[in-house]
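> Any chance you could fold what I've pasted below:
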Amino acid sequence: MLKATLRSFLAHKGRLVLSALAVVLSVAFVAGSLIFSDTVARTFDRLFASTSADVRVSPKEDDFDEAVPSGEVRTLPASVAARVEGVDGVAGTQLDAGVENITVVDRHNDSVGPTTGAPTIATNWEPTDRSPVRLTSGHAPRGDGEALLDADTADKKDVRIGDTLRVLARPGSFRVEVVGIATFRTTNPGAALVFLDTRTAQRRLLGGTGRATSVSVDAAPGVSDAVLKQRIAQRLGSTYELKTADEDAKSAAEDLGGFLDVIKYVMLGFAGIAVLVGVFLIVNTFSMLIAQRTRELGLLRALGADRRQVRRSVLTEAVLLGLVSSAVGFGLGVGLAAGLIKLMGVFGMNLKSTEMVVGWGTPVAAFVVGVGVTFVAAYLPSRRAARVSPMAALADAEIAGVGRPLRVRAVLGMLVGAAGAAALVGCAVSTRTGTAGSLLGLGIVLTLIAMVIAGPLLVRPVVRVLGAAFPAVFGSVGRMSQRNALRNPRRTGATAAALMVGLALVAGMSVASASMSKSFDEQIDRTLGADFTVQNANFVPFPREVTEKIRDTDGVGLVVRQRFTALAVRMPDGERVETTAAGWGARLDDVGHVTYEAGGTAQALAPGRIALQKEFADDHGARVGSVLPVEFPGGRRADLTVGALTDQEGNSFGLQGGFYMGMSTLLRYVPGGQDSAVYVNAASGTSPDTLRARLDETLDPYPQVQVRDQSDYKELIHDQIAVLLYLVYALLGLAIVIAVLGVVNTLALSVVERTREIGLLRAIGLARRQLRRMIRLESVVIAVFGAVLGLALGLVWGVAAHQVLALEGMTALAIPWSTIVAVVVGSVLVGLAAALLPALRASRMNVLAAIAHE
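Numbering: from 1, shown residues only. Next up is the predicted model:
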């Protein structure tokens, strides 16, 4: 049996190639994502370990995250260094004065910082053995007006020694001359680095020479980091955060982990799609091969092979396919990881492919995925093969019947579909976002499974409708193509299911994204009343200097500032809520329209007051007049009184988490923040177009901010939503590639299966051109069938997802009909493309040889 299995595998290897491609792609994405993330993690672990101080003293960290940056620079007194120097076991200390929220521009007002989202860091120049860079040309900064620039940034932005740069920091902007270039000793993380002398960095970046962002401490020989940390803690108490080198490196690695997780999960998403769609392809391939080998399997049974041996033979072929595909996929995964490493170099993160990390877990995961997928996909076909009767097989009976198995599918599909429909209905009527989201996910999974199970039952009614015009338009060729698609509903359903999965995902996400865009458009029209909004695309704060320049621009009538801060609120029901609140300047009503359920803007922005959403307040027992204990960054605390309650629509106007307060209240407890947005109205007698031109001229030296009117603001929101949609389209592209392989494989095997039939058709007068058309029409109807199922399923998902969005105030429903039409047209093209090779092969058959084929 083993020899027979190996010979069978080698004999049919050509027919298994397309199935193998799906496994290869999934394994490549799994291996590539793991190798890439492990390489980046190992590289940065070395960087952090080599640059971390033995002990670092920094301001106390908050126990809540800052979802939207406030722009505040946390500092400690520079005198802490002197206090630490007196601790036994301290060999030396170094003041650190560095910030990340700055912009550096050249003489053309073009930013010299990275465009990839990596920060531009300005810090003090104190070269030590731990420094990530070393001076390679020029000299160190010697006072105000001099700076070093990292070599990678200098090369990319064509900055040379002697050039003048302008640094835009929180205390204000200032000019520096580049007097030296510093080159990275280790990996460049993609950031731009500007170095100043220590006193200049303290004064220009932190606002005074008495402050520092941290203190780096060197341990004396023989003193461990842990012991030194304990001694410093005894001297300083619990006022500051103390971390050893290992703890500091671990913390930095955890911050990097979020970035790596995004890349890893995106690639694993591609792998998941490849696996999901590939399962249909493999199931179809093995089912058809077993059907074609009915006589061969029957002969084995007649010679004494029992059912278990036949089943094991088919599964062994699947394992061999998985092993070969996994090996090829793992090799491609290494290449994919190398390509990602090169791509990171384009974005400024200079990783070395020679330091690629391939942990033992990566090949294990790759082969588990590859072999596991093929084994699971081939299990059902192997059971069918084992049920072949020797006499039925020798009589050339086809084992893929349509009787009882389809009845079982009908019952099972109805049960799973009913459960999925109930979950989606529950999502539609739910009043809580979390519950609705969970029911939506459950409903999507169950309805997808139900559609896969019941798909063959829909083949006959749907394909008859889709191909109804074929006989009239294409005559007997059209009638045969339609009947070929109807001949084996299970095969047609499985082939179309691969395409259905991808299109359902796209349809659902398209409805959700279109609804989000339309909802934001309506809310912007309803709530935003300012002529212009000035902000960074990513809500990164900007210095007060920018706001003052705007205020001084000729034609500006009103300026309303907005800031954000992280905070934790103890609600009346005892729950501690970590969220983000906005701070607004006076005259909010002149630039926005907020609907209140209780109170008003004057009460919301009054000193010592805070506003929140009524629904959120009701859930936690708060009302106007309730006193809420609030924790601000830096350990500052306050008891704020609820001054107003807004409706759900207010959340769309930058009121993160529903909380906001007056600017005076926010400045009292978060004095070091920066503006996140400025809303501007034109003065009487100044047209918006005139003011726009003046604001553009005023802000030309500040490339980190942009002037937007309502249409620009809508476009910004649309672009941000489109990023997610592009990812979904990329997943669709992969799904379509594998689905096309599935259609090609099905048609190719079908041509082999129908060799004698094709020969007879050719013998009685069917022309080559007619034969090719018949196969193309069959392919098109299968592809359109998959598209119809996918679109129907996706539209249901999208409408259900809209109900979840409606709970967050995004109530508008939009159906992207242009996308739906494009998908249907695209499915026709997919069908035509998939039929090219099988149709060509069929038309080139020798008629007599085909008739004699057994």
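> CA atoms for contacts and neighbours, from now on please.
OK.
> Mind listing what's buried along the host helix or strand of Ser513?
With secondary structure defined by DSSP states H and E, Ser513 is part of helix 489-527. Across helix 489-527, burial judged by 16 or more other Cα atoms under 10 Å covers 489-521, 523-524, 527.
> Contact partners for the spatially closest residue to Phe36 that is not a sequence neighbour?
Spatial nearest neighbour of Phe36, chain neighbours left out: Ala337 (5.1 Å); criterion: Cα to Cα, 6 or more residues apart in numbering. Residues in contact with Ala337 (Cα atoms under 8 Å, 6 or more residues apart in numbering) are Gly32, Ser33, Ile35, Phe36.
> By pLDDT, give me the weakest of those.
On pLDDT alone, Ser33 ranks lowest of those, at 81.
> and the residue lying closest to that one once chain neighbours are set aside, how many neighbours?
Excluding the flanking residues, the one nearest Ser33 by Cα to Cα, 6+ apart is Lys264, at 5.3 Å. Lys264 has 20 neighbours, counted by other Cα atoms under 10 Å.
> Go ahead and confirm Leu499 touches Val737.
No - look at Leu499 against Val737 with Cα atoms under 8 Å: they stay out of range, at 9.2 Å.
> returning to that earlier point: now a PyMOL select for only the buried ones of the contacts of Ala337.
PyMOL command restricting those to the buried ones, with burial defined by 16+ other Cα under 10 Å:
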select buried, resi 32+33+35+36
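> Just the contacts of Ala337: which are in helices?
Secondary structure from DSSP state H places Gly32, Ser33, Ile35, Phe36 of these in helices.
> Among those, which one sits closest to Gly742?
Set against Gly742, the nearest of the ones in helices among the contacts of Ala337 by Cα to Cα is Gly32 (23.9 Å).
> you'd agree the closest one is up against Gly333?
Yes - look at Gly32 against Gly333 with Cα under 8 Å: they come within range, at 4.1 Å.
> pLDDT of whatever helix or strand the residue nearest to Ser33 lives in, averaged?
Assigned by DSSP H and E, Lys264 falls within helix 245-292. The pLDDT scores in helix 245-292 average 72.
> which helices and strands does the helix or strand just after that helix pack with?
Per DSSP H and E, helix 245-292 leads on to helix 294-302 as the next helix or strand towards the C-terminus. With contacts taken as 3 or more Cα pairs under 8 Å, 6 or more residues apart in numbering; DSSP states H and E, helix 294-302 sits against helix 307-346, helix 390-394.
> how far out from the middle of the chain is helix 294-302?
Put simply, helix 294-302 sits 50 Å off its chain's centre (Cα atoms, centre = their mean, to the nearest Å).
> Run the angle between it and helix 307-346 for me.
130 degrees (axes from the mean of the first three to the mean of the last three Cα atoms, to 10 degrees).
> What residues of the longest strand along the chain count as buried?
In the chain, assigned by DSSP state E, the strand with the most residues is strand 556-570. Buried residues in strand 556-570, counting neighbours by 16+ other Cα under 10 Å, are found at 556-570.
> That one: how far from the chain's middle?
Worked out by Cα atoms, centre = their mean, strand 556-570 lies 29 Å from the chain centre.
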